[in-house]
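Trainee: Pasted the sequence and its predicted model underneath.
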Number of protein chains: 2
Amino acid sequence: MTEAGMLRVPARAVTSLLKDSFVAAGLPDADAARCAELMTEADLTGAEGHGILRLPQYVRRLKARGFNAHPAITVTRSAPATALVDGDNGMGHLVMTRAANEAIAMARDTGVAWVGVRRSNHAGPAGLYAEMPTAHGMIGLYAAVANANHMATWGGADLLLGTNPLAVGVPSGSGPLVLDMATSIVAYGTVKKYALRGLAMPEGWFVTPQTGEAITDPNRSGEGILLPMGEYKGSGLALMLGLLGGVLNGAAFGRDVVDFNADDGSETNTGHFMVAIDIARFMPLAAFKAEVDRHVRDLRASKRLPGVDAIRLPGDRRAQSRAERLRDGIPIAPALLAQLDKLAAELKIKALRERT
Amino acid sequence: MTEAGMLRVPARAVTSLLKDSFVAAGLPDADAARCAELMTEADLTGAEGHGILRLPQYVRRLKARGFNAHPAITVTRSAPATALVDGDNGMGHLVMTRAANEAIAMARDTGVAWVGVRRSNHAGPAGLYAEMPTAHGMIGLYAAVANANHMATWGGADLLLGTNPLAVGVPSGSGPLVLDMATSIVAYGTVKKYALRGLAMPEGWFVTPQTGEAITDPNRSGEGILLPMGEYKGSGLALMLGLLGGVLNGAAFGRDVVDFNADDGSETNTGHFMVAIDIARFMPLAAFKAEVDRHVRDLRASKRLPGVDAIRLPGDRRAQSRAERLRDGIPIAPALLAQLDKLAAELKIKALRERT
């Protein structure tokens, strides 16, 4: 992915535009700040398909009342170690922050907690939430039903499955390991990024439902089927995560999923689940971290296949991107900058460039 | 996979040989029966890489005291919703039966339970255990650290990761959906099956560590690196499952894994985890099953890509195989039959053919 032609914007300027936009769109101050913080984190950690790129769409949905700007998020503890969160159609970042905090608090008492979420919305990159328990000496698991069906079941041609991501966060002595994987061969945010940057997609990402032939123009992705990771395995995992994150919580799955790219006004009834596991109930946290560190050292010191320059473990790219972008700024594509300038003018707030 | 030249043996004959072999090798009667039952279930459900094919190796390990024939399996409830099972190096099937029962019993009280397992052994196909909670109105999750490292981390050439499988079982109105996936591009049991049947492996399964070139002879798989499912995703998931199933429980992972194909006498300290989720804590079980059925109908009725004869969902192949093999018998390859005849003679028990 080339970054030529990109404007580099300090993270605090990105956060500032995000926050002011959300306040202008009707969010309470603290909620606007929290959404801005998490979306900036997405951009910093290289998940820019879930960062400020989503702002124009989110603001449209807030204005169209597709998102509830003043949700009454409720938590029902249905058993000692389980809870159901009803997001009241609020911003997904706020609903998931509440769900993650609840899972962490419950797991402190019960060792593990499973929190299901319904009536939420798009919440950004899965890794954000899986990482949260790691700061509390816990392992985090997170999955979501994606907000559009870009996949078919393996062999099928009807769009009935989303890219339903799974993320796992594990603490170590040198920062958390975070695996964040879409069950599709690539995340849909990446497709948006390719479109915005005018790049062709590799073959093997999208096929046409009629002939099974490859589609490489990201602007034509809407005509195609996004293929699953690992063939039937990715398709099977997307189904299972959909049942666990959607159906189990009374949230949308399959035919009921609202394509929030095509519709700003309808409630999406997005489902997620969040699990926190308290490491101290299995072994002392320090001993666990030391063991993880030892294994990570072994993997990093591994001999490499021909042509491989370095071993990358889950979370490495996130950490590298975060360090580099905190230093050099978050890259903003010209097309996105134009959208953000237009949005700032509409909301009567300072443009991104005036904040740098 | 051709089945020409296969002997078809009734399931009860397979169970009978398994049970008598284990009794002859020193297992108590009830334990022998339980192992025989689960291994027959593996053969019936098409996971023959984990069925009676493993018997000669298991008996060797029992004789070499690599397995403890009289384990004192202990369960420590470390928190209301978590437990640690110490298998005392017993047969994995027995240890995991205990762990699954414990998870189901605990989840009845706490909504979800997470049971970690250490000092266990190879326990057969992951789907067996993920399916168990479904008979109790629960969802099951299961993963294991594989008993040999056939994979490298993505880009690496040292064998530090196993095919660490993940399985998910979900009840529906027409029997459980069971996803059982190795994190490798193919399960190692399948490689053994190819070797036994004298078939070449497709390219893309194994590469040589020196050049990255494909290996297609299954008898040469020991020289190669088994590739992960979905490139870095399968490698990342194998690592995370290894940390959750191994390191968290004080069980072997990475460099510490004992290759039980090469060593009959050493304790493997195999780790697993088992999760049970009580559906009734989220929504009424009948409503959940009806919703799963509705979505399954949508997926099955899906239009198909050119050349696809039918939509297959997780568990379909298992259920079809089970019905067909209960009717026609379990296929046994000539090379395996010869091994089993030799074993029966050594153990002074009736041969498989005499039991049909």
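Mentor: Nice, I can see it.
Trainee: When you work out contacts or count neighbours from here on, use the C-alpha atoms and nothing else.
Mentor: Noted.
Trainee: Now do the residue nearest the centre of chain A against residue A:251, distance only.
Mentor: Centroid-nearest residue in chain A, with Cα atoms, centre = their mean: residue A:125, separated by 1.5 Å. Taking Cα to Cα, to the nearest Å as the measure, residue A:125 falls 19 Å from residue A:251.
Trainee: Same check on residue A:150?
Mentor: With Cα to Cα as the criterion, residue A:150 and residue A:251 are 18 Å apart.
Trainee: where do the helices sit along the stretch 101-250 of chain A?
Mentor: In chain order, the stretch 101-250 of chain A shows helices spanning A:126-131, A:188-197, A:232-245, with DSSP state H, counting those that start in this stretch as the criterion.
Trainee: Neighbours of the residue lying closest to residue A:240 once chain neighbours are set aside, how many?
Mentor: Leaving out its chain neighbours, the residue that sits closest to residue A:240 by Cα to Cα, 6 or more residues apart in numbering or on different chains is residue B:168, at 7.2 Å. A count of nearby residues for residue B:168, using other Cα atoms under 10 Å in any protein chain shown, gives 29.
Trainee: Quick one: name the residues of the stretch 201-350 of chain A near chain B.
Mentor: With the criterion set to Cα under 8 Å from any Cα of the partner chain, the stretch 201-350 of chain A comes near chain B through A:209-212, A:229-230, A:233, A:236-237, A:240, A:243, A:247-250, A:253-255, A:279, A:281-283, A:288, A:291-292, A:295, A:298-299, A:302-306, A:308, A:310-314.
Trainee: What's the ChimeraX line that selects buried ones from those residues?
Mentor: Those of these that count as buried under 16 or more other Cα atoms under 10 Å in any protein chain shown are selected in ChimeraX with:
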select /A:209,212,229,230,233,236,237,240,243,247,248,249,250,253,254,279,281,282,283,288,291,292,295,299,302,303,304,305,311,312,313,314
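Trainee: Give me the pLDDT for the residue nearest to residue A:240.
Mentor: The pLDDT attached to residue B:168 in the predicted structure is 98.
Trainee: Specify the beta-bridge partners of it.
Mentor: Listed by DSSP bridges, the beta-bridge partners for residue B:168 are residue B:141, residue B:179.
Trainee: wait, doesn't it sit right on residue B:133?
Mentor: No. Proximity of residue B:168 to residue B:133 does not meet the contact threshold set by Cα atoms under 8 Å, at 10.1 Å.
Trainee: List the residues that are in contact with both of those two.
Mentor: In terms of Cα atoms under 8 Å, 6 or more residues apart in numbering or on different chains, residue B:168 and residue B:133 are both contacted by the residues B:139, B:140.
Trainee: check whether the helix or strand of chain A at the bottom of the mean pLDDT ranking contacts chain B.
Mentor: Across the helices and strands of chain A, mean confidence by mean pLDDT, DSSP states H and E is lowest for helix A:188-197: a mean of 82. No. Judged by Cα under 8 Å from any Cα, helix A:188-197 stays clear of chain B, getting no closer than 15.6 Å.
Trainee: Touching that helix from outside, list them.
Mentor: With Cα under 8 Å, 6+ apart as the contact definition, helix A:188-197 has outside contacts at A:48-50, A:150, A:163, A:200-201, A:217-219, A:221, A:333, A:335-336.
Trainee: For it, output the C-alpha coordinates as PDB.
Mentor: As requested, C-alpha coordinates have been extracted for helix A:188-197 and formatted as PDB (Å, rounded to 0.1, in the frame of the first residue of the first chain):
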ATOM      1  CA  TYR A 188     -14.100  -4.900   4.100                       C
ATOM      2  CA  GLY A 189     -12.500  -1.800   5.500                       C
ATOM      3  CA  THR A 190      -9.400  -2.700   3.500                       C
ATOM      4  CA  VAL A 191     -11.500  -2.800   0.300                       C
ATOM      5  CA  LYS A 192     -12.800   0.800   1.200                       C
ATOM      6  CA  LYS A 193      -9.100   1.800   1.600                       C
ATOM      7  CA  TYR A 194      -8.200   0.400  -1.800                       C
ATOM      8  CA  ALA A 195     -11.100   2.300  -3.400                       C
ATOM      9  CA  LEU A 196     -10.200   5.500  -1.700                       C
ATOM     10  CA  ARG A 197      -6.600   5.100  -2.800                       C
END
